[in-house]
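> With the sequence up front, the predicted model follows.
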Amino acid sequence: MDLIVFALAPIFTVIVYIYLKDKYEKEPTGLLFVSFLLGAVVSIIITTLLYSVFHVVAPLTNGLSVLQQFVQAFFVVGFSEELSKYLIVLLFAQRRVAFNEPFDGIVYAVMVSMGFAATENIMYVLESGPSTALLRAFTAVPAHATFGILMGYFMGKAKFSNNRIKLNLAGLLLAILFHGTYDFFLFIDFIPGIWVGAFISLFIGVFLSEKSHTKTSNGVSF
């Protein structure tokens with residue numbers, strides 16, 4: 001039980017932080033909870049199915065090369081995980097009447113992302129213990145939050161734009177780009193010190209995320 005608490009603590013810290021940033025009209029808690037659950041269950045299912053398809057279509061061999069790790073990071077992991085979150089925001093959240101201001105894109109995308117991260121975190125922490133919980137609290141969890149904010153920023157813009165398809169896809173592609181970059185530098189651990197690139201990309205993502213949600217939460221027009 002303590003391990004599950006450790007796994008979920010950073011998740012709910014992010015959720016509370018984003019919820020409090022929604023200054024003008026708080027989203028219905030029921031919709032937020034459903035978005036979280038869809039991320040925790042449906043997004044995981046979609047991701048697992050996509051992983052299975054990739055492993056059949058483009059199986060990876062042992063001793064992966066840099067190119068194969070690139071494919072794994074950007075197309076298998078980044079694409080699969082971010083697409084699964086994107087579909088839930090697109091098909092569920094963005095269609096709600098309560099989604100009525102640009103910042104709502106960030107709120108719902110983060111809720112879905114934190115649902116996904118919660119399930120993933122619980123699995124990793126139960127397998128590897130509290131040290132993993134502590135490490136992921138400062139790496140994987142904020143990374144998922146960052147990807148959600150970047151995606152949600154553009155999906156929030158899309159809801160109120162004539163270029164909805166273009167902006168929605170921009171959010172998806174940006175999330176995949178940052179997710180893939182973060183994972184790629186972690187995957188090629190056989191190159192000494194290359195893991196630093198993951199934290200540089202995470203830092204850039206956090207910086208852009210902070211700027212994006214500051215703009216929307218302050219009511220800055222697009």
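That came through fine. Numbering: from 1, shown residues only.
> What's the local residue count around residue 12?
Residues near residue 12, counting by other Cβ atoms under 10 Å, number 14. Where you see a C-beta, it was placed from the backbone N, CA and C, and this is true even at glycine.
> For the nearest residue to it once chain neighbours are set aside, identify the helix or strand it belongs to.
Nearest residue to residue 12 in three dimensions, chain neighbours excluded: residue 114, at 8.0 Å (Cβ to Cβ, 6 or more residues apart in numbering). Assigning secondary structure by DSSP states H and E places residue 114 in helix 103-128.
> buried ones in that helix?
For helix 103-128, the buried set under the neighbour-count rule, 16 or more other Cβ atoms under 10 Å, comprises 103-122, 124-125.
> Please apply the same query to stretch 15-25.
If you call a residue buried by 16+ other Cβ under 10 Å, then stretch 15-25 has these buried ones: 15, 18-19, 21-22.
> before we move on, what about stretch 91-100?
By 16+ other Cβ under 10 Å, the buried positions in stretch 91-100 come out as 92-94, 96, 98-99.
> Max pairwise distance over those: which two?
92 and 98 (11.5 Å; Cβ to Cβ).
> does residue 205 belong to a helix or a strand, and which?
In this structure, residue 205 is located in helix 196-217 according to DSSP H and E.
> For that helix, give the mean pLDDT please.
The average pLDDT within helix 196-217 is 67.
> same question, stretch 152-169
Per-region confidence: stretch 152-169 scores 94 on mean pLDDT.
> residues contacting residue 110?
Neighbouring residues of residue 110 by Cβ atoms under 8 Å, 6 or more residues apart in numbering: 14-15, 18, 145, 148-149, 152.
> of all the residues you listed, which comes closest to residue 167?
The shortest approach to residue 167 among the contacts of residue 110 belongs to residue 152, at 11.3 Å (Cβ to Cβ).
> Apart from its chain neighbours, what residue comes closest to that closest one?
Beyond its immediate neighbours in the sequence, the residue positioned closest to residue 152 (Cβ to Cβ, 6+ apart) is residue 109, lying 3.0 Å away.
> got the angle for the helix or strand containing residue 84 vs helix 103-128?
In this assignment (DSSP H and E), residue 84 forms part of helix 79-88. Between helix 79-88 and helix 103-128, the angle formed by their directions is 140 degrees, by axes from the mean of the first three to the mean of the last three Cα atoms, to 10 degrees.
> and helix 79-88, what does it pack onto?
Here helix 79-88 is seen to pack against helix 29-40, helix 42-57, helix 103-128, helix 140-159, helix 164-187 when contacts are counted using 3 or more Cβ pairs under 8 Å, 6 or more residues apart in numbering; DSSP states H and E.
> what comes up buried for that helix?
Under the neighbour-count criterion of 16+ other Cβ under 10 Å, helix 79-88 has 79-88 buried.
> so can I have CSV of the residues you listed showing distance to residue 52 and pLDDT?
Formatted as CSV, the buried residues of helix 79-88 follow (distance: Cβ to Cβ, whole Å; pLDDT from 0 to 100):
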residue, distance to residue 52, pLDDT
79, 14, 96
80, 10, 96
81, 14, 96
82, 17, 97
83, 14, 97
84, 13, 97
85, 18, 98
86, 19, 98
87, 17, 97
88, 19, 97
